[in-house]
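Undergrad: prediction below, plus the sequence it came from.
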Amino acid sequence: MNFWMRLKSDRIAVLCMILLFSVVLLGIFAPLIAPHDPLEPNIKFKFADNSLEYPLGTDQLGRCVLSRLLYGIKTTVVLSLLTMGATLFIGTFLGIVAGFSRGKVDEAIMRLCDVLLSFPSEVMILAIVGMLGPGLTNVVIANIAAKWAWYTRMIRSLVMEYTDKNYIRFAKVAGCSSSHIMRKHLLPGVLGDVIVLATLDTGWVILTISSLSFLGLGVQAPTPEWGMMLSEAKNIMTTHPAQMLPPGIAIMVVVAAFNFLGDSIRDALDPKGDQTKAVVK
Amino acid sequence: MSLLNIRNLTVCDRRTDEILIKDIHFEIDSNTCLGIVGESGSGKSVTCKAILGLANPWLEVTGQVLLEGNNLLNAEQETLRQIRGKRICMILQDAMTAFDPLYTIGCQMVETLCENGQYNKTDAKIIAMETLQKMYIREPRLVLKKYAHQLSGGMLQRCMIALAMALKPDILIADEPTTALDAINQREVIEEFQRLRQITGMAMIFISHDLGVVQHLADKILVMKDGEQVEYGPIEQVFEKPQHIYTRYLLDTRKALTKSFHEAMKVRRSNKC
Amino acid sequence: MKRYILQRVLAIFPILIGISFFAFFLINSSPSDPAEVALRVNETVATPEAIATMRRELGLDKPFLLRYGTWLLDSLQGDFGNSYITKQPVLNEMNKAFPATLALASLSLFITMGVSMFFGIWCAVHEGSVGDKIVRGFIFVGTAMPSFWAGLLIMWLFAVKFDLFPTSGMDGFHSIILPAVTLSLTFISTYIRLIRNTMIQNRQENYVLYAKVRGLKEKTITRHIFKNSLQASLTALGMSIPKLIAGTVIVENIFAWPGIGRLCVTAIFNRDFPIIEAYIVMMAVLFVVCNLIMDIVCALLDPRIRQGE
């Protein structure tokens, strides 16, 4: 595939992919890697400096910061990926239904999307969290609810584009059933484009989840989560400002990696953009 | 010493090391017209942009562009800016996109006249109006108030010519000014160029892929093919004794075309009788 | 032009109705019964009788559409009901908090516009220079940096370490500086990038070539390019005014700034539905109206739309 070739030749993209992949692995295997229990307080060692025992020191309750960071991956990054996955699933399903059936179903789904998209997504998320109450599950639901409309619309237009292609027309004429065409022909074609769109958004979802946790609307203490850790660090800012660094840097690096990767993917998808970039250089 | 002297002008694409134009030589005196002929992509427009120092940044221009003995290729940006417009002006191929869509034509003409240091605003307005009138544009006052999207291509082309006339440059470069126009407009614009020369006595470089147009206007002719100059000389000489096989081919095609055209007309006439 | 404006204004009504319906629906489909919440926050025991009385008091026993109708009519008159907690009309609470948010948002809009225009234009003009590269580095960090972290770092540096500004609260002009700067950080990076890239793109256009041919000064040409790039930036700016106000939620909570963002988060903790409802509707209306205004401004700037039918 041409797209993968171009992406592979982009060194930054490869680097980001390796980084993100290892971050996810670290998160999944956190229980095996982490030197301590992230929840176990040890008041004797509170605010310990970096040492072999505690590579990143300890926090105000004497909990190992590194372990909390590692467990935090699971909450922050893995949850964001899950959120994205669920959003994609709903968006793809409704988008394909709308784009393929057209007519009244399409009309109804699209009008609903119009209304949802007339909110800024930040407000939408606050609204839903406000309705369901604070909590991690609710934050995930809110994120999905705020984003699906956009994906549905996007995927619908992709489906429209694909259904006009000749091989789909041929399948219709040849008498394939709608569901067969959807599964065998439309889905593989549309899915590639969609996954790309999703990468662009994952960084944004991570930021939202950790912001809400920071406000206290998401993850509840003592679960380790990066935004939550920052919120705790805020309270002890005057005495121990260094506590703000590990979670903040972790969020920034992961989000930056997703943004970089997204940009590279966009460039790889659109060779025309590549050319203008070369010209600009 | 001639007014503009181009020696060994070579343009190379730094990104691909492709040579776009190679060793172009020509010179031009005031009150003469040089026609540059060639297919699209033969490097005519690049040549002009290189002369004005406006070639894209990734292009490397070597050789000499001597304006009264001063090499423009080594000149400072500010010197070049003062030369552009005032001494060498150019008329672009695509009139529809040449004007800023957000300002009126009048505003752009006035700003050009003011910034080239010749007039103040009120004078500039009067000059703009007068030159438009000289171009036989009816209701110049209205035209000045229009935006580019409200005027036709031919009208915009005339505005560009009028602006060039008002600037009174020593040299005018016209880069395929008639390509985007329909036949009637083409004819009128060519006539305007002729009048422009008569009025101002400026030197002119007229670029076209149409030999017929060039024949009307030019004293000398330069034929380009694939970035190289294949023929250069006085117009009669080139038309009567073309040296290069490509020029001969161009002339023959033209003859064949006009011949069949005349024959077709003859047939129609005899049919009518 | 008048027709264009009229069309656009008329087009927002169905959207507004949809939004209001959605907000109402959202709150009413909440898993917790508003009557129960209203009782609980007043520390009354939620007996079935008490709930029934409360439901009647809140008008919850009427059919859904009827309630929506009454609510819509009331909200149109500015009556969003009373807060469950303070028993004050929601409008009063909003009125108290809104000026603070407005001040914060306008100052950061001002900062955003000033800084991003300056650096955007500068970077476009000096494309590829060392300065351009440094600014691009900042932009990159700015887009990936969570605003609450940036806020904390700024607070630590300027309020704790150097003690130049107060850490929180609203106490005179200098307490607005840190929140406003924090709020504008994310937007600044977006806008510098946007202005820079559109200007660079515009520089390839034919009208710029002709402007150079005409011997215009570099400054004048930059002005032409800037005005042509402005449109894309303005549309984006219009889109981000509501985002800016939504973004105050985080900043107001970091710096304890008494605006509507803080009001809303407190309301979410307290399950104070009327306030949440009013907040959503207000933000949505703001969003729609800002977009409308920006569209009209863009149309006014562009003679092609201004005079075209």
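TA: Right, received. Where do you want to start? Residues are numbered from 1 along each chain as shown, chains lettered A, B, ... in the order given.
Undergrad: per-residue confidence for B:Cys273?
TA: You'll see B:Cys273 listed with a pLDDT of 53.
Undergrad: test my guess that A:Asn143 contacts A:Gly85.
TA: No. A:Asn143 is beyond contact range of A:Gly85, at 11.5 Å (criterion: Cβ atoms under 8 Å). For the C-beta atoms, the positions are set from N, CA and C on the backbone; glycine is no exception.
Undergrad: which neighbours do these two share?
TA: Counting by Cβ atoms under 8 Å, 6 or more residues apart in numbering or on different chains, A:Asn143 and A:Gly85 have no common neighbour.
Undergrad: and those two? Which one has more around it.
TA: Neighbours per residue (other Cβ atoms under 10 Å in any protein chain shown) separate A:Asn143 from A:Gly85, with A:Asn143 holding more: 28 against 12.
Undergrad: separation between B:Val143 and B:Ala162?
TA: For B:Val143, the distance to B:Ala162 (Cβ to Cβ, to the nearest Å) stands at 9 Å.
Undergrad: now the common contact residues for those two.
TA: The contact sets of B:Val143 and B:Ala162 overlap at B:Leu132, B:Ile137 (Cβ under 8 Å, 6+ apart).
Undergrad: test for you: state the pLDDT assigned to residue 45.
TA: Just going to use chain A. Confidence score, pLDDT, at A:Phe45: 64.
Undergrad: meant chain C, my bad for not saying
TA: pLDDT, C:Val45: 69.
Undergrad: what sits against the closest residue to chain C within the stretch 51-200 of chain B?
TA: The minimum distance from the stretch 51-200 of chain B to chain C, using Cβ to the nearest Cβ, falls at B:Gly85 (2.4 Å). For B:Gly85, the contact set (Cβ under 8 Å, 6+ apart) comprises B:Thr112, B:Glu115, B:Asn116, B:Leu167, B:Pro169, C:Val213, C:Arg214, C:Gly215, C:Leu216.
Undergrad: could you rerun that using 6 Å?
TA: Residues in contact with B:Gly85 (Cβ atoms under 6 Å, 6 or more residues apart in numbering or on different chains) are B:Asn116, B:Leu167, C:Arg214, C:Gly215.
Undergrad: got those residues as TSV, with distance to chain A columns?
TA: As requested, the contacts of B:Gly85 are exported to TSV (distance: Cβ to the nearest Cβ, whole Å):
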residue	distance to chain A
B:Asn116	30
B:Leu167	31
C:Arg214	24
C:Gly215	25
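Undergrad: among these, which are in helices?
TA: B:Leu167 (DSSP state H).
Undergrad: which regions of the stretch 101-250 of chain C sit below the pLDDT cut-off?
TA: Filtered on pLDDT under 70, the stretch 101-250 of chain C yields no residues whatsoever.
Undergrad: tally of neighbours for the residue in it that chain B sits nearest to?
TA: Closest contact between the stretch 101-250 of chain C and chain B, by Cβ to the nearest Cβ, is at C:Gly215 (2.4 Å). Using other Cβ under 10 Å, C:Gly215 is surrounded by 23 other residues.
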